[in-house]
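Asks: pasted the sequence and its predicted model underneath.
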Amino acid sequence: MKNLFKLLLMVLIAAAGTMQCFAFPDVNGDYWAAPEIEILSEKGVIVGYPDGTFKPDANVTRAEFAAMAIRALGQEHTKVAQPVHYTDIDENYWAYEDIQKAVYFDLISNEKENDAFRPEDSVSRAESIAVAVNALTTETISDTKAKDVLGKKYADADTIPEWFVIPAGKAEILSMIVNVPSADKKNLEAERPATRAEVAAILYRMMEQAKLNPNAKLAEAMRKKVGEGFVIDSATVQGSVGTIPAGTIVPIKITTYLSSQTSEGGALYSASVPQNYVTKDKYILIREGASLSGQLLDVRPGLYFRQNGVLILKNALVTTTNDQTTKFIALGEIKKDRNWWMKFVRWAFKGEKLEVPASDVINVKLLEPIEVDLTNGWIYEK
């Protein structure tokens, strides 16, 4: 009996370990869009409400959808140099940057300047499907072909907006039109507001298709950038993420004058990346010109016959060329390179003074690993 109890307990534990745990209490494992909701939630593309629920049947605003689409495509860190003007949003609006990125990547058409965006309107099924199709490089089809494809399946194909005919036809060919299993599959319902569950399913399909056939602007943004520079042989690459491991020695260019005789412990200094840090395959990890900053941990002046000058610094931050400021923890000990004879002389006759003019390059050792998105140079913060 005891052995039987143990066996049942083991089965229960194994079953619990293999059960899928869903992030939201109102989305169970049998829900039609549960897999897409779970994946996009894990990736931070979609989030729940403060009470922990997802509310799959609620609507999504146009601004919310733009933000979700940009995150699904991994372009939340892209910078837009020339924003377009909308009459009903400005740079203080919470989704302003995401909307500008959606326009830049041709997800949203902007045919005339000074138009209204309608950020708080609910996004329709037609609008959400069109954005998903716009993210892709697709085969050109005619209006007649699109109507023929749609007419064979949807009873309301003749009533959809004219602007949506070709995007809808492409979406049907690519199996990107989402239909709720319990609903009438014979209707497109193009102008009905899309639910949060439908949006999740549409964005997931867009995300998967964009990995294979992104549009031209997205293809360029998603390409890992290459260049010449200081090669970090120990750096690893997995997908679009490059990692500089802890313990790596990298050069930095000091831009603040330092001296063992006049600098003080705790003093702040600035520096920069003197050349691109690159992987052995030439993928750029951190670009030349990124700003560095830290402080002097220890300063010992050179005293004749007593001690040589010592400067030990700890770098704390990096500001990359795309204006991100994050951790760059590294330690460096400044000393002059000498041949064996001068090393012996300085060992025997102490008193060397150290001066580091602005523009001198020194080496520092990373104390923590750095993970970088190789497509845009964004450093993942931990």
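Replies: Done, it's in.
Asks: list the contacts of Glu368.
Replies: The neighbourhood of Glu368, defined by Cβ atoms under 8 Å, 6 or more residues apart in numbering, consists of Ala246, Lys327, Ile329. Yep, even glycine has a C-beta here, placed from its N, CA and C like the rest.
Asks: element containing the first one, please.
Replies: Which is Ala246. Ala246 is located outside every helix and strand, with elements delineated by DSSP states H and E.
Asks: quickly note the distance from it to Leu317.
Replies: Taken as Cβ to Cβ, to the nearest Å, the spacing of Ala246 relative to Leu317 amounts to 17 Å.
Asks: ok, the second one next?
Replies: According to Cβ to Cβ, Lys327 stands 7 Å off from Leu317.
Asks: okay, Gln324: pLDDT?
Replies: As summarised for this prediction, Gln324 has a pLDDT of 94.
Asks: picking up where we left off before, now list the buried members of the contacts of Glu368.
Replies: For the contacts of Glu368, burial is judged from neighbour counts taken by 16 or more other Cβ atoms under 10 Å, and it is met by Ile329.
Asks: tell me the one of the contacts of Glu368 nearest Asp121?
Replies: Compare each of the contacts of Glu368 with Asp121 using Cβ to Cβ and the shortest gap goes to Lys327, at 40.4 Å.
Asks: restricting to C-alpha, output the helix or strand where that closest one lies in PDB.
Replies: In this assignment (DSSP H and E), Lys327 forms part of strand 325-334. Coordinates of the C-alpha atoms in strand 325-334 are reproduced here as PDB (Å, rounded to 0.1, in the frame of the first residue of the first chain):
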ATOM      1  CA  THR A 325      22.800  54.400 -20.800                       C
ATOM      2  CA  THR A 326      23.300  51.200 -18.900                       C
ATOM      3  CA  LYS A 327      25.800  49.200 -16.900                       C
ATOM      4  CA  PHE A 328      29.300  48.600 -18.100                       C
ATOM      5  CA  ILE A 329      31.200  47.300 -15.100                       C
ATOM      6  CA  ALA A 330      34.900  46.900 -15.600                       C
ATOM      7  CA  LEU A 331      38.100  47.300 -13.600                       C
ATOM      8  CA  GLY A 332      41.400  48.700 -14.900                       C
ATOM      9  CA  GLU A 333      44.900  49.200 -13.400                       C
ATOM     10  CA  ILE A 334      46.900  51.800 -15.100                       C
END
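Asks: quick check, distance from it to the centre of its chain.
Replies: Shown here is strand 325-334, whose average C-alpha point lies 23 Å from the average C-alpha point of the whole chain (Cα atoms, centre = their mean, to the nearest Å).
Asks: tell me which residues in stretch 223-233 are buried?
Replies: Taking 16+ other Cβ under 10 Å as the basis for neighbour counts, the residues of stretch 223-233 that come out buried are Lys224, Lys225, Gly229, Ile232.
Asks: swap in stretch 152-162?
Replies: Neighbour-count burial for stretch 152-162, counted by 16+ other Cβ under 10 Å, picks out Tyr154, Ala157, Ile160.
Asks: and if you look at stretch 168-187?
Replies: Going by neighbour count (16+ other Cβ under 10 Å), the buried part of stretch 168-187 is 168-174, 176-180, 187.
Asks: please apply the same query to stretch 255-268.
Replies: By neighbour count on 16+ other Cβ under 10 Å, the buried set for stretch 255-268 is Leu258, Ser259, Ser260, Ser263.
Asks: in helices, which of those residues appear?
Replies: Among those, no member falls in helices (DSSP state H).
Asks: neighbouring strands for the strand holding Lys327, and are they parallel or not?
Replies: Applying DSSP bridges, strand 325-334 is found paired with strand 310-319 (antiparallel), strand 361-366 (antiparallel).
Asks: deepest in the core, which of the ones you listed is it.
Replies: Burial of those is given as mean neighbour count (mean count of other Cβ atoms under 10 Å); strand 310-319 ranks first at a mean of 19.
Asks: thank you kindly, that will do.
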